[in-house]
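1. Turn this into a model:
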Amino acid sequence: MGDPKNSVYFSNVKDGDTVPRIFTYKFEVTGYELSPAKDGLKEGSGHHHLVIDGPKAFVDKGEAIPFDASHKHFGKAQSEGELELEPGKHKLTLQFANALHQSYGKEFSKTITVNVKDS
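-> Here you go, the predicted structure:
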């Protein structure tokens, strides 16, 4: 399931899956620890972010992940998140980042495409 050392992945959905409009996505990380953003910067730790229909497959290493409608932050160290998406094809990027929301880059990202079915 991806690189055993350092990686993130979705544990309950894979590339090309069809999902309902409202779906709970489950996130995993290997090699680093999940840690709430409020705990501050800690080496080898961070939290998940979900980029919806982003411009590219990952957020560049060190770049801060924006707070907007297409970037969901899971700063309490959640390992899942519910999304409601319009029917059609969507690109979802799981991106791991540090307590300052600075991306860990390509190594800690996973992009899949899902087909959201009309309820």
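2. Wait, a strand at E107?
-> No - per DSSP: H, G, I helix; E, B strand; the rest coil, E107 lies outside any strand segment and is helix.
3. Show the model's pLDDT score for it.
-> Listed pLDDT for E107 reads 96.
4. what sits against the closest residue to it other than its chain neighbours?
-> Here the nearest residue to E107 in space, its sequence neighbours aside, is N6; by CB to CB, 6 or more residues apart in numbering that works out to 5.4 Å. C-beta: built from backbone N, CA, C; applies to glycine. Applying CB atoms under 8 Å, 6 or more residues apart in numbering, we find N6 in contact with 30-32, 107-108.
5. Tell me which two of those sit farthest apart.
-> Spatially, the most separated pair among the contacts of N6 is T30 and E107, at 10.9 Å (CB to CB).
6. pLDDT weak spots in the chain?
-> Residue ranges of the chain with pLDDT under 70: 1-4, 119.
7. Determine which residue lies closest to the centroid of it.
-> Most central in the chain under CA atoms, centre = their mean is L94, positioned 2.1 Å from the mean C-alpha point.
8. was I right about it contacting G46?
-> No - between L94 and G46 no contact is recorded; they are 11.9 Å apart, counting by CB atoms under 8 Å.
9. circling back to that earlier point, give me the three-state assignment for the residue nearest to the centre of the chain.
-> strand.
10. if I look at it, how far off is G40?
-> 23 Å (CB to CB, to the nearest Å).
11. Strand partners (parallel or antiparallel) of the helix or strand containing V51?
-> Using DSSP states H and E, V51 sits within strand 45-52. Sheet pairing of strand 45-52 (DSSP bridges) gives strand 33-34 (parallel), strand 71-74 (antiparallel), strand 88-97 (antiparallel).
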